[in-house]
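Enquirer: generate a structure from the sequence data that follows.
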Amino acid sequence: MAVDNKFTFKLITRYITKINLRQLILILAIASAIASLVNTVYASYQVLRQQLIENTLEGNYAYASKLAASVEDFVRSVQQQLAVSAQVISENFDYHAFLDAETKRMLQQTNSFNSVLVINKSAQVLSTSPPSISMKGVTLETLGATESIRTKKPLITKPYVAATGNLVVFISHPVFFKNGDYAGAIAGTIYLKKESILNHLLTSHYYDDGSYLYVVDHDRRLIYHPLKERVGEIVGKNKMIDEVVGGHSGKMDDFNSLGVPVLAGYAVIPSTGWGVVTQRPKEGTLASLDRLVFNVLKNALPVALISLLIIWWCTKLISKPLHQLADGARKMNSAGIDDEIQKVSSWYYESSELKRAILIGIALLQKNINKLREASQTDPLTKLGNRRTLEFALETWKASGTPFSIISVDIDFFKKVNDTFGHDAGDIVLQKLATMMKDVSRQDDVVCRVGGEEFLLLLPKTDVESASQVAERLRIKVQGTEIDPVGHITISLGVVQWTEDMGDVLQSLKEVDKMLYKAKHNGRNRVESQYKVSDQSDDMTHTV
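Expert: Numbers count the residues shown, from 1 in each chain. A predicted model of the protein is given here:
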């Protein structure tokens with residue numbers, strides 16, 4: 001066995017020694033280009049994959065929250081309708097013709113329910129609409145009627161099978177006479193397995209990209225599902241449903257109840273305790289990424305081929321001086337050989353040209369990587385740096401010992417802006433603030449968006465007093481700028497300084513948060529900064 005191994009090694013060595021430099025460089029160049037291409041494509045794929053998953057999760061969470069808010073508004077609206085109607089019929093509770101007219105009006109005017117009925121305190125039906133239900137005089141023993149009579153309060157039941165045979169949600173409001181005596185209740189039912197306004201509200205937002213949504217109640221029962229045959233089904237083990245039934249809102253990369261990998265967002269409807277879950281199959285989400293990577297490869301291959309042709313040409317140039325050196329070595333005893341070898345001294349220049357040629361082959365791919373890296377470090381809404389930009393700047397300055405100041409910026413009452421004018425207006429405010437922060441910053445300053453309405457401005461080689469002046473200029477600029485359609489806004493700012501002797505940069509980030517909270521606590525629309533006075537050992541707080 002040892003003899004065979006030695007013989008194999010000799011064959012390999014003999015074969016390698018027959019490869020000339022031109023072939024060897026070409027082989028190495030091709031291998032290097034392929035390795036760089038594979039590594040670049042793989043790194044790009046991983047970055048894009050994670051970003052695509054995060055964006056899908058965030059989009060599904062925002063979508064679930066929006067739908068939950070819409071259903072919440074709908075439920076509160078129908079409860080208010082029932083409350084008004086209860087007040088109207090309380091004065092004419094004994095006139096069945098009036099009750100019939102009122103139930104008919106509610107059903108036709110608002111289209112909020114599939115049926116409307118009035119019951120007395122014995123759960124006997126006094127009036128129904130539509131008349132086709134034919135339940136007048138019937139004493140109901142269903143969950144909705146009995147619970148309404150028992151509690152004598154506004155009620156939203158869990159789904160149950162009504163006397164009509166439909167799976168319904170029963171929403172009722174008590175009726176009291178003027179003397180305060182309980183008279184009965186007026187109620188509306190929503191059919192879960194038939195066309196209803198709730199069904200329309202959820203279905204009208206359906207996306208045709210493999211995404212779908214469903215709604216569950218406290219008992220894990222499906223109140224809405226795109227597949228009507230699944231409405232009323234109780235869902236088993238499912239982490240998303242565990243979370244939303246527990247009263248939590250959020251997003252999750254997990255499996256659905258059928259074992260399919262999904263990217264889901266979920267939100268709770270407060271008044272009912274129901275949960276809205278929106279999800280998209282993970283495979284469908286990543287399909288577009290596969291197409292994108294294929295296009296990157298398709299566009300990169302021609303450039304790679306052109307680069308390889310350039311490398312092949314360069315190998316010819318590189319091999320020529322080495323052949324000259326080899327010829328000179330064979331003619332060492334010839335006259336004038338030293339002059340010929342002297343002429344080959346340009347070999348070093350040719351070797352540097354080879355490196356340049358190889359770099360040409362991968363220049364375009366590195367440019368693509370830089371673009372991807374820039375995209376991953378930029379907030380898409382404001383075009384400011386994100387947390388990756390922040391971390392890079394902090395690590396760089398800490399490593400070099402560069403002192404810097406941190407300005408933390410937060411928009412006052414930003415939630416009120418979103419609630420009053422909508423999220424589109426809120427986005428405009430964020431973009432305007434980003435522009436104003438750029439206006440007051442220098443070229444070497446770093447401006448980042450680190451949260452919803454939270455921003456950081458990093459000023460290298462700037463003490464805390466100068467940074468406080470910058471913060472005050474920004475505060476005044478924001479206060480005096482009118483933003484359509486919101487009008488004027490204000491911001492609160494915190495300022496701290498970091499120097500090399502302070503150690504951990506994270507502690508300075510915590511300190512600037514404290515200063516920001518202090519500005520909020522002291523009335524907002526102000527700057528709070530903390531710095532050390534040279535002749536005192538204690539920290540001093542400076543309010544601009």
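
Enquirer: nearest residue to the residue positioned nearest the centre of the chain other than its sequence neighbours?
Expert: Residue closest to the average C-alpha location in the chain (CA atoms, centre = their mean): Glu58, at 3.1 Å. Counting by CB to CB, 6 or more residues apart in numbering, Lys251 is the residue found nearest to Glu58 once chain neighbours are left out, at 6.8 Å. All C-beta atoms are positioned from the backbone trio N, CA, C, and that covers glycine.

Enquirer: just Gly494 next, same as before
Expert: Nearest residue to Gly494 in three dimensions, chain neighbours excluded: Met515, at 2.9 Å (CB to CB, 6+ apart).

Enquirer: for the one you found, list the residues it contacts.
Expert: Met515 makes contact with Ser408, Leu493, Gly494, Val495, Val496, Glu528, Ser529, Gln530, Thr541, according to CB atoms under 8 Å, 6 or more residues apart in numbering.

Enquirer: quick one: it from Gly452, how far?
Expert: In this structure, Met515 and Gly452 are 19 Å apart, going by CB to CB, to the nearest Å.

Enquirer: do the same with Gly401
Expert: Taking CB to CB, one finds Gly401 at 33 Å from Gly452.

Enquirer: of those two, give the one with the bigger neighbour count.
Expert: Gly452 (12 against 9; other CB atoms under 10 Å).

Enquirer: correct me, but the more buried one touches Val417?
Expert: No: with contact defined as CB atoms under 8 Å, Gly452 does not reach Val417; the gap is 11.2 Å.

Enquirer: what pLDDT does the model give the residue nearest to Glu58?
Expert: Listed pLDDT for Lys251 reads 89.

Enquirer: need the buried ones from the contacts of Met515 selected in PyMOL.
Expert: The PyMOL selection below is limited to those of the contacts of Met515 classed as buried (16 or more other CB atoms under 10 Å):
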select buried, resi 408+493+494+495+496+528+529+530
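
Enquirer: now the contacts of Met515 as a markdown table including secondary structure?
Expert: Listed next are the contacts of Met515 as a markdown table, based on DSSP: H, G, I helix; E, B strand; the rest coil:
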| residue | secondary structure |
| --- | --- |
| Ser408 | strand |
| Leu493 | strand |
| Gly494 | strand |
| Val495 | strand |
| Val496 | strand |
| Glu528 | strand |
| Ser529 | strand |
| Gln530 | strand |
| Thr541 | strand |
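
Enquirer: just the contacts of Met515 now: which is nearest Val168?
Expert: Ser408 (52.1 Å; CB to CB).

Enquirer: next up, the contacts around the closest one.
Expert: Glu454, Phe455, Leu456, Leu493, Gly494, Val495, Val512, Asp513, Met515, Leu516.

Enquirer: what about Val161, how many residues nearby?
Expert: Neighbour tally, Val161, other CB under 10 Å: 12.

Enquirer: re earlier: okay, the residue nearest to Gly494 and Val495: tell me how far apart.
Expert: 6 Å.

Enquirer: chain center to the helix or strand where Glu472 lies, what's the gap?
Expert: Secondary-structure assignment from DSSP states H and E places Glu472 in helix 464-479. On the basis of CA atoms, centre = their mean, to the nearest Å, helix 464-479 sits 31 Å off its chain's mean C-alpha point.

Enquirer: one step back: how about the host helix or strand of the residue nearest to Gly494: buried residues?
Expert: Using DSSP H and E, Met515 maps to helix 505-521. Within helix 505-521, the residues scored as buried using 16+ other CB under 10 Å are Val505, Ser508, Leu509, Glu511, Val512, Asp513, Met515, Leu516, Lys518, Ala519, Lys520.

Enquirer: what angle sits between that helix and helix 464-479?
Expert: For helix 505-521 against helix 464-479, the angle by axes from the mean of the first three to the mean of the last three CA atoms, to 10 degrees is 50 degrees.

Enquirer: from the buried residues of helix 505-521, which is closest to Pro130?
Expert: Among the buried residues of helix 505-521, and counting by CB to CB, the member closest to Pro130 is Lys520, at 55.5 Å.

Enquirer: burial measure for Ala183, as a count.
Expert: As a measure of burial, Ala183 has 19 neighbours, counting by other CB under 10 Å.

Enquirer: and it, that one's in a helix?
Expert: No: Ala183 is assigned strand when assessed by three-state DSSP, not a helix.

Enquirer: wait, it touches Asn120, no?
Expert: Yes: applying CB under 8 Å, one finds Ala183 in contact with Asn120, separated by 6.7 Å.

Enquirer: the closest residue in space to Ser112 that isn't next to it in sequence: which element?
Expert: Of all residues beyond its chain neighbours, the one nearest Ser112 is Val78 (4.6 Å), with distances taken as CB to CB, 6+ apart. Take DSSP H and E as the rule and Val78 turns out to sit in helix 21-89.

Enquirer: now swap in Leu309 and tell me
Expert: With DSSP H and E as the criterion, Leu309 is inside helix 282-330.

Enquirer: save the contacts of Ser408 as CSV, and put in distance to Gln87 and pLDDT too.
Expert: Output for the contacts of Ser408, formatted as CSV (distance: CB to CB, whole Å; pLDDT from 0 to 100):
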residue, distance to Gln87, pLDDT
Glu454, 46, 91
Phe455, 50, 95
Leu456, 54, 95
Leu493, 51, 96
Gly494, 52, 96
Val495, 56, 96
Val512, 54, 93
Asp513, 50, 93
Met515, 53, 95
Leu516, 48, 95
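
Enquirer: that older thread, contacts for whatever helix or strand comes next after the helix holding Glu472?
Expert: Next along the chain after helix 464-479, taking DSSP H and E as the criterion, comes strand 482-483. Residues outside strand 482-483 that contact it (CB under 8 Å, 6+ apart): Ile428, Val429, Lys432, His488, Ile489.
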